[in-house]
Every structure is written in C-alpha cells, then in structure tokens.
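Asker: need a structure here:
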Amino acid sequence: MEVFSNDKNTIRIDNLSKDIRQYFTKQLVLYIIITFSIISSIVFTTFLIFYYKSKKEIYYLLAFIFATICIILILVRWLWGPFAFIQYYNRFIGSKTNKTREIQQYFYFYLTPIILKGLITIPIYTIMLYSLIPVLFKMQKKYNKKGTSYF
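Answerer: Have a look, this model is predicted:
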C-alpha cells in the first residue's frame with residue numbers, strides 16, 4: 001500500500017512506521033511522563049496551597065477536578081489505550097494481512113501521541129468541569145426536596 005508516490009520516490013506504510021518508530025523510544029516517553037508528573041504535582045499543590053490560605057471552595061474544587069481527570073486519563077487512556085489498540089490490531093487487522101504487532105515493540109510507539117494529546121485535553125477537561133460542577137450543585141439543591149433521594 002503506497003502513501004505517496006511520484007517519479008523518483010515511493011514511500012510505503014511499512015517503511016514509514018519503522019522509520020518513525022525510532023523516535024518514539026522508551027526514554028522519550030519516560031521523559032514526557034516525568035515532566036508531566038512534576039508539572040501536575042506543582043499545579044495540584046498550588047491549588048491546595050491557595051485553598052488552605054484563602055479557604056475558598058474554588059481552589060479545592062479545582063484541585064479535586066484536576067486530580068480526578070489526571071488519574072482517569074493516566075490509568076485508562078495512557079496505560080490501557082496502546083495495549084487495547086495493539087490487541088485490536090492483531091485480532092482484526094493483523095489477522096487479515098498476517099502482520100501482527102508485538103506489545104513490546106509498539107507500545108511506546110502508540111503511547112507517545114496519546115500522551116501528547118492528553119497533555120492538551122487535561123486542561124480543557126478541567127476548565128469544562130470546573131464551569132459545570134457549580135451549576136450542577138445549584139441545580140441539585142434547587143430540585144431535590146427534603147427527605148427525597150434518588151439513590
């Protein structure tokens with residue numbers, strides 16, 4: 001299967017993935033994860049310090065939302081995502097073409113773009129949830145009557 005073709009050059013998908021795979025190494029992924037861990041720890045600690053100094057629920061809510069989103073994305077998307085895709089590829093795509101992919105070789109290849117996309121989406125999700133949760137709390141207080149519960 002050709003991706004790009006002209007008179008002089010032809011790039012094949014198989015060759016392209018082997019060339020790109022050398023850039024997505026375990027060291028690069030670990031560097032990105034360590035950098036993200038340091039930055040997210042600083043952000044979380046900053047929100048908690050602001051909360052303890054001012055006693056405003058806004059900072060506690062931000063810290064809680066940020067920590068929840070980070071934990072969910074790291075566990076579900078970052079760790080499970082590449083593994084699940086490689087299993088999917090081997091079962092449905094690789095079985096038809098007789099080309100399977102090993103988890104040890106391709107895990108970091110698929111993990112790096114997922115992490116980079118996650119670094120963009122974590123602040124977006126935090127801002128969206130930060131703006132929605134107070135509204136939901138007000139609606140809950142308004143529409144829940146005393147003594148009634150849905151659970």
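
Asker: middle-most residue in the chain, spatially?
Answerer: G118 (3.5 Å; Cα atoms, centre = their mean).

Asker: need the contact list for the residue nearest to it when sequence neighbours are not counted.
Answerer: Spatial nearest neighbour of G118, excluding adjacent residues (Cβ to Cβ, 6 or more residues apart in numbering): L73 at 5.2 Å. Where you see a C-beta, it was placed from the backbone N, CA and C, and this is true even at glycine. Contacts for L73 (Cβ atoms under 8 Å, 6 or more residues apart in numbering) come out as G118, T121, I122, Y125.

Asker: The last one: what secondary structure?
Answerer: It refers to Y125. helix (DSSP: H, G, I helix; E, B strand; the rest coil).

Asker: State the distance from it to K117.
Answerer: The gap separating Y125 from K117 is 12 Å, by Cβ to Cβ, to the nearest Å.

Asker: before we move on, what about K26?
Answerer: 19 Å.

Asker: What segments of the chain are helices?
Answerer: 13-21, 26-54, 57-72, 81-88, 94-97, 103-143 (DSSP state H).

Asker: tell me what the shortest one is packed against?
Answerer: Contact here means 3 or more Cβ pairs under 8 Å, 6 or more residues apart in numbering; DSSP states H and E; on that basis helix 94-97 packs against no helix or strand.

Asker: The third one too?
Answerer: Helices and strands in packing contact with helix 57-72 are listed as helix 26-54, helix 103-143; criterion 3+ Cβ pairs under 8 Å, 6+ apart.

Asker: tell me, which of the ones you listed is the model least confident about?
Answerer: For the helices and strands packed on helix 57-72, mean pLDDT drops lowest on helix 103-143, to a mean of 89.

Asker: what packs against that one?
Answerer: helix 13-21, helix 26-54, helix 57-72, helix 81-88.

Asker: Off-centre distance for it?
Answerer: 7 Å (Cα atoms, centre = their mean, to the nearest Å).

Asker: Quickly note the distance from the residue nearest to the centre of the chain to F83.
Answerer: Using Cβ to Cβ, one gets 15 Å for the distance from G118 to F83.

Asker: one step back: out of the helices and strands packed on helix 103-143, which is closest to L129?
Answerer: helix 57-72 (4.8 Å; Cβ to Cβ).

Asker: pLDDT averaged over that closest one, what's the number?
Answerer: 92.

Asker: Output that helix as CSV - backbone C-alpha positions only.
Answerer: In CSV, the C-alpha atoms belonging to helix 57-72 read as follows (Å, rounded to 0.1, in the frame of the first residue of the first chain):
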residue,chain,number,x,y,z
GLU,A,57,-14.1,26.2,47.7
ILE,A,58,-13.0,27.2,44.2
TYR,A,59,-9.4,26.1,44.7
TYR,A,60,-10.5,22.8,46.4
LEU,A,61,-12.8,22.1,43.5
LEU,A,62,-10.0,22.8,41.0
ALA,A,63,-7.6,20.5,42.8
PHE,A,64,-10.2,17.8,43.1
ILE,A,65,-11.2,18.0,39.4
PHE,A,66,-7.6,18.2,38.2
ALA,A,67,-6.5,15.2,40.2
THR,A,68,-9.5,13.1,39.1
ILE,A,69,-9.0,13.9,35.5
CYS,A,70,-5.3,13.1,35.7
ILE,A,71,-5.8,9.8,37.4
ILE,A,72,-8.6,8.7,35.0
